[in-house]
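Visitor: coords below, sequence missing:
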């Protein structure tokens, strides 16, 4: 019975990761968190990961990733909370990133 449960959990986990194709997944410690005025940029929050120089496959404008409030209004504050918590505690995060209108856009944040 445990084996069957393990197989089912593995299949669901694999399926949920394959359900959406991310341009990149970046894992590490939060480097910088920058807050931008919505008047100057759609990049409300810009994030870097320590040791990562390329956050997505864009040829330029790829050294940081951003979260745009209007793209994720229901989860925006939760994403920011997870990033601030990880920065304060030194925990790792995993960012799921796609190309956005102004560079590498974060669509999901996992606290590891």
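Guide: Ah, there it is. Predicted model only: the values in this text are computed from it and were never measured.
Visitor: which residue packs closest to residue 31, ignoring adjacent ones?
Guide: Nearest residue to residue 31, sequence neighbours excluded (C-beta to C-beta, 6 or more residues apart in numbering): residue 48, at 3.8 Å. In this view, the C-beta of every residue, glycine as well, is placed from N, C-alpha and C.
Visitor: you'd agree that neighbour is in a strand?
Guide: Yes - under DSSP: H, G, I helix; E, B strand; the rest coil, residue 48 falls within a strand.
Visitor: Would you agree it is in contact with residue 26?
Guide: No - applying C-beta atoms under 8 Å as the test, residue 48 and residue 26 come out as separate, 9.7 Å apart.
Visitor: any common contacting residues for the two?
Guide: Common neighbours of residue 48 and residue 26 (criterion: C-beta atoms under 8 Å, 6 or more residues apart in numbering): 55, 65.
Visitor: Kindly provide the distance from the residue nearest to residue 31 to residue 20.
Guide: The gap separating residue 48 from residue 20 is 23 Å, by C-beta to C-beta, to the nearest Å.
Visitor: got it, and residue 74?
Guide: Distance, residue 74 to residue 20, by C-beta to C-beta: 17 Å.
Visitor: who's more crowded, the two?
Guide: It is residue 20, of residue 74 and residue 20, that has more neighbours when counted by other C-beta atoms under 10 Å, with 10 against 6.
Visitor: List the contacts of the more buried one.
Guide: Taking C-beta under 8 Å, 6+ apart, we find residue 20 in contact with residue 96.
Visitor: Likewise for residue 84?
Guide: Residues counted as contacts of residue 84 (C-beta under 8 Å, 6+ apart) are residue 33.
Visitor: Tell me which helix or strand it sits in.
Guide: helix 76-89 (DSSP states H and E).
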